[in-house]
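**Student:** For reference, the sequence and a predicted model appear below.
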Amino acid sequence: MDSLYNLKAWELREMLLGGEVSAEEVLGSVRERVSRVEDRVNAYITLTEEEATGAVKRADAQLKKGETLGAAAGLPMAVKDVLCTRGIRTTCGSHILEDFIPVYDATVIEALRREGLTMVGKANMDEFAMGSSNENSYYGPTHNPWDLERVPGGSSGGPAAAVAAGEAVWALGSDTGGSIRQPASLCGLVGMKPTYGLVSRYGLVAFASSLDQVGPITRDVRDCAVLLSLIAGHDPFDSTSLTVEIPDYLAALQGDIKGLRVGVPRELMQEGLTPGVKKAVTDSLRLCEELGAQVTEATLPHVDYALSAYYIIAPAEASSNLARYDGVRYGFRAEGGEDMLEMYSRTRAQGFGDEVKRRIMLGTYALSAGYYEAYYGQAQKVRTLILNDFRAAFEDFDVLVSPTSPTPAFKLGEKLDDPLTMYMSDVCTIPVNLAGIPAISIPCGLEGGLPVGLQIMGKVLDETTLLRVARAVEEALDFKEKPQPERGVEP
Amino acid sequence: MSSYEAVIGLEIHAELKTASKMFCSCDASFGGEPNAKTCPVCLGHPGVLPVLNHKAVELAARLALALNCSIAPYSIYHRKNYFYPDMPKNYQISQYDLPLGVGGYLDQEMDEGPIHIGITRVHLEEDTGKSIHISESGRIHGAEYSLEDFNRAGVPLVEIVSEPDLRTPEQARTFVQELKSIMEHLEVSDCKMEEGSLRCDANISLREAGSTDLGVKTEVKNMNSFRALFRALEYEIERQEELLTSGGEVVQETRHWDADANATMPLRTKEYAYDYRYFPEPDLVPLELDQGFIEEIEAGLPELPADRRKRFIEDLDLPAHDAGLLISSKAMGDFFEAAVAEGADPKAVSNWMMGELSAYLNAQNIEIGEVSITPVQMAAMIALVDEGVISGKIAKSVFEEMLASGEDPARIVERKGITQISDEEEISQVIEEVIGENPKSVEDYKGGKQKAIGFLVGQVMRKTKGRANPQLVNEMLRKSLDEPG
């Protein structure tokens, strides 16, 4: 049998409820794993040991007394350090928030706390969620547990690496242009970006407000459904939160995909894909056909412009969202400034990393008087065209399928000095954020021993179909590979 | 006579009277311990999101409708980006190209006749915190350090922008006074200039009289009272006129009114040359108001100052001047009407309010809401005069006591024994004394000098310490002097 730290959350919950194991034992297994591999993986910025100990004690007490066990109780979770946690420092991977301790919990954290959240730690990430490799963290890069020389993807690289390495059994990430799906893909995990507005953004430190969503990173589709059902729902503190009935996502796992209309946008299957990625995706599509789905080519005519539009809109919003980090009220303040303006510029020059500065500059430029229409205005028009492309495609198809990332995990440092190549990592995931639709990435094969992800995109609020399709494909693929970051660690 | 005409447009900011702030549930009231009325949202902590206060929208819509604006069925919020330590997020949530109300107007009664003032727009935004700069000048430049109080940060503000339809400082002052009164009548704002809940900036340029072109304008800020507004505009007109007549040019710039120096000063342009990088606020959804909501607000609008003025003139026979002053604040108008409702003569109430009461308010520098007398007491005092219990002159001293103590007029009169003497026997005794003591004046009067009677009446009043009924004294004096003998 697998070690406890390698099990799925739903399996562990069954064991907890069946009395086969205690929450303390589960946490102990994960902790032991952390102590063994964390030095090499660097999945966490802050370990929350007291917090987790308290949670498993409560869980075991509940179990002992026969009380209802919270749905997240005793199931060690990695929380991306972009979500505010009351009393626990929340750095966003940045120097500028190195000592920032929030006075409130993000709505999703609050919801999970009610269900017995067992948080192992605050997971590493690209600074302010800007990046595709986790190399932009002030707290050092995270290493991919499948190959420690490689990146785990980003910006939720820490949460993904933690789950892949057994340093948590599931995780919460955030996705602005692929930041859940791409690391999930590169780490052989399931990751979902829900429909924009399905999950509250309150307490999620903003990168690009109109694109950000919180979502699950898990070991299988069932865990994804469980975690989604715990975090989805209207939040009066988030004006962009949707007021909708939350369906039974677990029930949605049932059922086959016979007659399902699967579209494969040809624009997302073009150049830039490695042969292994192309093969794994093509094989998966053949499998879908075998399962009774109708697979045909689809088109998203404007999707080639998605990356350009995204790199206007996201930095524009970021340039404004990150203006509050000025050293006046909280966070890092640089010493030695002669006046207020100098205090601002020193604080921000020292507090932000290169990629964050690059995007603040890009966004500031795009919003400047005289350039606004040509950049921001134009990008918004493109965004509308892309949304219309998806609407049109979903007239003919139930889901659209593509690779999640055009390549498997690349080497640390490989793209660090070439932002444009780095930005291409998200070419398949970005259109989904621009359109606000949901998408899930599931592992669909290996290339050179590295996992490849399959992205399934759905209609607005049609997470149930995504989960059903993902579950059916997952079952048929039977992907069982696991990374071994401990290799070479032991004598 | 000047050959230049001033063209003035105003931007007025008023804090809306909501219980909570614009985007969070913090207390929106004035003052308090610094930073006591704050939360993660109005402090701009990481991860927070704004939630719109619908009461603020309702109040702003009420004002926009009262100013004859059309209400946009669809309006959005923008972020106005600039760095300043009193702005927690370093952007202000405001409205830009799709404001709540547009295309309104106000027909303003002026001494020279009515003027039509276009209202360009009425929009909603959030207020900033307050900076206290520790330096000699109180300005940030050269300050040793600064303190920030965010109690005001996030309080809902309404901005009213007028067309450049004003021509004189007096028109500008009257317009702002009218707006203040309108907002008071609508109960949308306290409009306390001294607390900063009503603020005003002016755009001003000069042009050749008769021209329709616009000259180069300056923007004048920091006018914290009606008086400051008036003086700043007067100064700025003079300054620009001197420049133009001496062949110079007006520079487009922002100027700061310095009340102590009695002058407008240019702001350091480098410090304030902002590109606000407006873009739609992605954290808020567009504001869509359905027609029913707008109609409901419109139907619920109270009587506005202009209608009230008209009613005072037409129904209560007040002169236009009186009516104008009485409606200049809602509290004045309410006090007046309450006294009239007690049966007092409108003109008498108006005289007392515009005379003694206003003088007292000015001297004490207080608002009418802070005086100790009630409209009922004022009506009672006027009744005492009407009934002849006290003379008008005594009434003035009674009124002073009322203002000081809040005591009922009847009690003051009784306590001090200052009821008017209307007893003819008592008065005729005094008259006899006076006639005996002033033979010269008696002679004069009998010799045809009508004026001498005034002196003799005065003597009687003096002897009775002003309590004698002066009309009666006059009558009785004439009678006894005219008697042959």
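**Tutor:** It's in.

**Student:** only C-alpha atoms for contact and neighbour calcs from this point on.
**Tutor:** Fine.

**Student:** And for the nearest residue in space to residue A:146 that is not next to it in sequence, the neighbour number?
**Tutor:** Nearest non-adjacent residue to residue A:146, counting by Cα to Cα, 6 or more residues apart in numbering or on different chains: residue A:483, 4.6 Å away. Using other Cα atoms under 10 Å in any protein chain shown, residue A:483 has 19 neighbouring residues.

**Student:** And for residue A:244?
**Tutor:** 12.

**Student:** now it, what's its secondary structure?
**Tutor:** Recorded secondary structure, residue A:244: coil (DSSP: H, G, I helix; E, B strand; the rest coil).

**Student:** Then residue B:48?
**Tutor:** Residue B:48 - assigned by three-state DSSP - is coil.

**Student:** so who does it touch?
**Tutor:** A:202-205, B:40-41 (Cα atoms under 8 Å, 6 or more residues apart in numbering or on different chains).

**Student:** among those residues, who's most crowded?
**Tutor:** Among those, residue A:204 has the most neighbours (other Cα under 10 Å), with 29 neighbours.

**Student:** What residues are bridge-paired with that one?
**Tutor:** Counting by DSSP bridges, residue A:204 forms beta bridges with residue A:83.

**Student:** before we move on, the earlier item: so the residue nearest to residue A:146 sits right up against residue A:145, yeah?
**Tutor:** Yes: Residue A:483 lies in contact with residue A:145 (Cα atoms under 8 Å); the separation is 5.8 Å.

**Student:** what's the neighbour count on residue 156?
**Tutor:** Just so you know, I chose chain A. Residue A:156: 38 neighbours (other Cα under 10 Å).

**Student:** my bad, chain B
**Tutor:** Neighbours around residue B:156, by other Cα under 10 Å: 30.

**Student:** Around residue A:283, how many other residues sit close by?
**Tutor:** 15.

**Student:** that's a helix at it, yeah?
**Tutor:** Yes: looking at residue A:283 with three-state DSSP, it is inside a helix.

**Student:** ok, now how distant is residue B:169 from residue A:129?
**Tutor:** Distance, residue B:169 to residue A:129, using Cα to Cα, to the nearest Å: 54 Å.

**Student:** When these two are compared, which one has more neighbours?
**Tutor:** Shown here are residue B:169 and residue A:129; by other Cα under 10 Å, residue A:129 has more neighbours (33 against 21).

**Student:** can you give me the helices in the stretch 251-400 of chain A?
**Tutor:** Taking DSSP state H, counting those that start in this stretch, the helices of the stretch 251-400 of chain A run over residues A:275-290, A:306-321, A:340-351, A:354-367, A:378-396.

**Student:** Among those, which comes closest to chain B?
**Tutor:** When these are ranked by proximity to chain B, the top entry is helix A:354-367, at 5.1 Å, counting by Cα to the nearest Cα.

**Student:** can you tell me if the closest one touches chain B.
**Tutor:** Yes: residues of helix A:354-367 contacting chain B under Cα under 8 Å from any Cα of the partner chain: A:364, A:367.

**Student:** Identify the residues contacting that helix?
**Tutor:** A:127-128, A:130-131, A:136, A:312-320, A:322, A:371-372, A:375-376, B:277-279.

**Student:** these two touch, right, residue A:69 and residue A:58?
**Tutor:** No: Residue A:69 is not in contact with residue A:58 according to Cα under 8 Å; the separation is 9.4 Å.

**Student:** packing partners for the stretch of helix or strand residue A:53 belongs to?
**Tutor:** Secondary structure from DSSP states H and E places residue A:53 in helix A:49-65. Secondary-structure packing of helix A:49-65 (3 or more Cα pairs under 8 Å, 6 or more residues apart in numbering or on different chains; DSSP states H and E): helix A:23-41, strand A:119-123.

**Student:** What residues does the residue nearest to the spatial centre of chain B make contact with?
**Tutor:** Geometric centre of chain B, nearest residue: residue B:177, 5.0 Å, by Cα atoms, centre = their mean. For residue B:177, the contact set (Cα under 8 Å, 6+ apart) comprises B:226, B:328.

**Student:** The one 5 residues further on now?
**Tutor:** Contact partners of residue B:182, counting by Cα under 8 Å, 6+ apart, are B:66, B:304-305.

**Student:** Show me what from chain B comes close to chain A.
**Tutor:** B:40, B:44-52, B:81, B:83, B:85, B:88-91, B:142, B:275-279, B:282-285.

**Student:** Could you report the pLDDT at the residue nearest to residue A:146?
**Tutor:** Listed pLDDT for residue A:483 reads 92.

**Student:** I'd assumed it was in a strand, is it?
**Tutor:** No: Residue A:483: not assigned to a strand; according to three-state DSSP it is coil.

**Student:** Quick one: residues in contact with the helix or strand bottoming out on mean pLDDT in chain A.
**Tutor:** Here the helix or strand of chain A ranked lowest by mean pLDDT, DSSP states H and E is helix A:419-423, holding a mean of 88. For helix A:419-423, the external contacting residues (Cα under 8 Å, 6+ apart) are A:131-132, A:307, A:415-416.

**Student:** Against which helices or strands is the helix or strand following it packed?
**Tutor:** Note on helix A:419-423: by DSSP H and E, the next helix or strand toward the C-terminus is helix A:430-435. Judged by 3+ Cα pairs under 8 Å, 6+ apart, the packing partners of helix A:430-435 are helix A:306-321, helix A:378-396.

**Student:** any idea how far helix A:430-435 is from the chain center?
**Tutor:** Computed by Cα atoms, centre = their mean, to the nearest Å, the chain-centroid distance of helix A:430-435 equals 14 Å.

**Student:** Convert the C-alpha atoms of it to PDB, please.
**Tutor:** C-alpha atoms of helix A:430-435 as PDB (Å, rounded to 0.1, in the frame of the first residue of the first chain):
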ATOM      1  CA  ILE A 430      -4.700  32.200 -21.300                       C
ATOM      2  CA  PRO A 431      -7.700  32.300 -23.600                       C
ATOM      3  CA  VAL A 432      -9.700  30.500 -20.900                       C
ATOM      4  CA  ASN A 433      -9.100  33.300 -18.400                       C
ATOM      5  CA  LEU A 434      -9.900  36.000 -21.000                       C
ATOM      6  CA  ALA A 435     -13.200  34.300 -21.700                       C
END
